[in-house]
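1. next one to model:
(one chain, ligands or ions: 1)
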Amino acid sequence: MIILVISDIHANLTALEAVLEDAPEYDSVWCLGDLVGYGPDPNECIDLLASLPDFQCLIGNHDRAALGLIPLTRFNYDAHQAAAWTQRTLTPTNLTFLEELPETLEKDHFLLAHGSPRNPIWEYILDPFIADRNFTFMQHDYALVGHSHLPLVFSRPSDEEMAVNIPVHPNKEIEMEPHMILNPGSVGQPRDMDHRAAYAILDTDALTWIVHRTDYDIASVQLRILEAGLPERQALRLNAGW
Ligand code: ZN
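-> Okay, the predicted model is just below:
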């Protein structure tokens, strides 16, 4: 099976549409959470995502905030403002859609979690040290995570070794071996200083992982962010990719 793996869409419809346009053919879509928050198109993104073939999706911390399940004081000022706006803007149908999303999903050898296997909502896996703690906890061969908005791959081939960071380059195939944690990066708010939307293609038969990047019309999203009265910084950061 060919899986389109996406995460952290953050209500950026233009980036999501660009990813769907750019992606090669796929059988199924696995989405690792944070459909909303920060961006101006929460309803439009959920409507489009829900229409995708065999769409499997997790809840992220920003989705939980939009449902009022996390006190907004846990977020920085901008994220707080955006979450309050998202709460007011989501339709009842889309609130229900978010409510029904699970924290983790298990797909054969794969565990899907927004943050990390041991703390699906909040933990960021940013370095081999934190990856190592999670490998010890993991029951599955592979974990797919989002949350950091960075395309990252960590590997720990055996319990005697420390986890290592595998370099990720756009369009370059990574051969998967058991005990890997893989992050496709963010569709709607990349933070690796590359403004292009990120996603990954997972081949579950060949066991390969390829991260792709695609340009999109950032200016149109920035205009909608400002028109909606969302924090200006959320518009500016899209150009720089942070
Ligand atoms: Zn996020």
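
2. who are the contact partners of the residue nearest to Asp34 when sequence neighbours are not counted?
-> Among residues not flanking Asp34 along the chain, Gly60 sits closest, at 3.4 Å (CB to CB, 6 or more residues apart in numbering). Just so you know, the C-beta spots here come from the backbone N, C-alpha and C atoms, and that holds for glycine as well. Residues near Gly60 by CB atoms under 8 Å, 6 or more residues apart in numbering: Ser7, Asp8, Leu32, Gly33, Asp34, Leu35, Gly37, His114, Ile121, Gly146, His147.

3. same question, Leu112
-> Contact analysis of Leu112 by CB under 8 Å, 6+ apart lists Trp30, Leu32, Gln56, Leu58, Thr104, Leu105, Glu106, Ala143, Leu144, Val145.

4. which helices and strands does the biggest helix by length in the chain pack with?
-> As assigned by DSSP state H, the longest helix anywhere in the chain is helix 77-89. Secondary-structure packing of helix 77-89 (3 or more CB pairs under 8 Å, 6 or more residues apart in numbering; DSSP states H and E): helix 42-50, helix 61-66, helix 232-240.

5. quick one: closest of those to Thr204.
-> Closest to Thr204 of the helices and strands packed on helix 77-89 is helix 42-50 (CB to CB; 20.6 Å).

6. buried residues in whatever helix or strand comes next after that closest one?
-> Once the chain leaves helix 42-50, the next helix or strand it forms, by DSSP states H and E, is strand 55-57. Across strand 55-57, burial judged by 16 or more other CB atoms under 10 Å covers Gln56, Cys57.

7. tell me what strand 55-57 is packed against?
-> By 3+ CB pairs under 8 Å, 6+ apart, strand 55-57 packs against strand 28-31.

8. in CSV, list the C-alpha atoms belonging to the strand it packs on.
-> Listed next in CSV are the C-alpha coordinates belonging to strand 28-31 (Å, rounded to 0.1, in the frame of the first residue of the first chain):
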residue,chain,number,x,y,z
SER,A,28,-4.8,5.8,1.9
VAL,A,29,-4.1,8.9,3.9
TRP,A,30,-2.7,8.9,7.5
CYS,A,31,-2.9,12.2,9.2
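
9. quick one: strands adjacent to that strand?
-> strand 2-6 (parallel), strand 55-57 (parallel) (DSSP bridges).

10. in CSV, list those along with mean pLDDT and distance to Glu227.
-> Shown next, in CSV, are the strands paired with strand 28-31 (pLDDT from 0 to 100; distance: least, CB to CB, whole Å):
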stretch, mean pLDDT, distance to Glu227
strand 2-6, 98, 25
strand 55-57, 98, 28
